[in-house]
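Engineer: only geometry, no sequence info:
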């Protein structure tokens, strides 16, 4: 029922009708357009759901879960900036990143840490930026490539953070800077008057955010820089939606990113409560 291995399908490259059993698309010549029957389900998965909304819900749900794991710590704020802040233990159980969990062998934290936040203001600002930049990146690259760019950027940010020796860190800000980097890459690749305008506008925005972050306390600037670099490189590597439709490979990579993220949270909970 899930896979479609016979009959007609929409080619993942050109979007035209072709045979699921064909060795190559009858229209554009793409090899194995049926992807062993998984092309249609992958297209439906990334065409039906907004990844920006999924990330928003995931961040909020995990933030609430981190408060419920240690409600006493969440209620013992020392100031307005510490209001409703989960404890380090709760965040560790859910997959916080940093050199400490990395040395324990928790490699998956470079992905799970993206979705965890340390306070109400922290999650508010990050979610607002994700909802601002996510749809823009989806429009210029495509929904599946958005998943890849977001995940790669966040992971790259935490890898750089680990290299600089941050023992404990969380948050989606590295991925947010990665979305900015991907838009800057779009401006560079697009070229012309419009590309130059995008490059200038979002380049200045990224520069302003970098400068402001250096004047804010408890900000992981290494993760910001790593995330921006990851998003910039990913944006330069993947194709623009206007130049090439998303392929089954794009969807497979996006599904792999989601699968690794989910598996990471399972491993974190297993290590915390059953390991």
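Structural biologist: Now that the structure is in, tell me what you want to look at. Predicted model, so just to flag it, every value in this text is computed and none were measured.

Engineer: where along the stretch 51-200 of the chain do the helices fall?
Structural biologist: 51-69, 71-74, 88-94, 99-103, 109-112, 120-141, 143-163, 173-190, 192-213 (DSSP state H, counting those that start in this stretch).

Engineer: state the mean pLDDT of the fourth one.
Structural biologist: I take that to be helix 99-103. What helix 99-103 shows for mean pLDDT is 96.

Engineer: and for the fifth one?
Structural biologist: Within the predicted structure, the mean pLDDT of helix 109-112 is 98.

Engineer: may I see the buried residues of that helix?
Structural biologist: If you call a residue buried by 16 or more other CB atoms under 10 Å, then helix 109-112 has these buried ones: 109-112. The C-beta positions use only the backbone N, C-alpha and C, and glycine is treated the same way.

Engineer: so how far is that helix off the chain centroid?
Structural biologist: Here the centre of helix 109-112 is set off from its chain's centre by 11 Å, with CA atoms, centre = their mean, to the nearest Å.

Engineer: show residues contacting it.
Structural biologist: For helix 109-112, the external contacting residues (CB atoms under 8 Å, 6 or more residues apart in numbering) are 94-98, 101-102, 151, 154-155, 158-159, 162, 257, 260-261, 264-265, 268.

Engineer: if we use 7 Å, what do you get?
Structural biologist: Residues external to helix 109-112 that are found in contact with it (CB atoms under 7 Å, 6 or more residues apart in numbering): 94-97, 101-102, 151, 154-155, 158-159, 260-261, 264-265, 268.

Engineer: same deal with stretch 259-275?
Structural biologist: Here stretch 259-275 makes contact (CB under 7 Å, 6+ apart) with 93-95, 106, 108, 111-112, 151.

Engineer: quick check: domain ranges of the chain?
Structural biologist: Using automatic domain parsing, the domain ranges for the chain come out as 8-42, 50-273.

Engineer: need the distance between the two termini of the last one.
Structural biologist: Just to be clear, that refers to domain 50-273. Start-to-end span of domain 50-273 (CA to CA, to the nearest Å) is 32 Å.

Engineer: nearest the middle, which residue of this structure would you pick?
Structural biologist: Central residue of the chain (CA atoms, centre = their mean): residue 150, 2.5 Å from the mean position.

Engineer: wait, it sits on residue 177?
Structural biologist: No - at 11.0 Å, residue 150 does not count as touching residue 177 under the criterion of CB atoms under 7 Å.

Engineer: so which of the domains of the chain is the most packed in?
Structural biologist: With neighbours defined as mean count of other CB atoms under 10 Å, those peak in mean count at domain 50-273, which reaches a mean of 19.

Engineer: related to what we said a few turns ago, quick check, nearest of the buried residues of helix 109-112 to residue 204?
Structural biologist: When the buried residues of helix 109-112 are ranked by distance to residue 204 (CB to CB), residue 110 comes first, at 29.0 Å.

Engineer: what's the weakest-modelled helix or strand in this structure?
Structural biologist: Here the helix or strand of the chain ranked lowest by mean pLDDT, DSSP states H and E is helix 39-48, holding a mean of 56.
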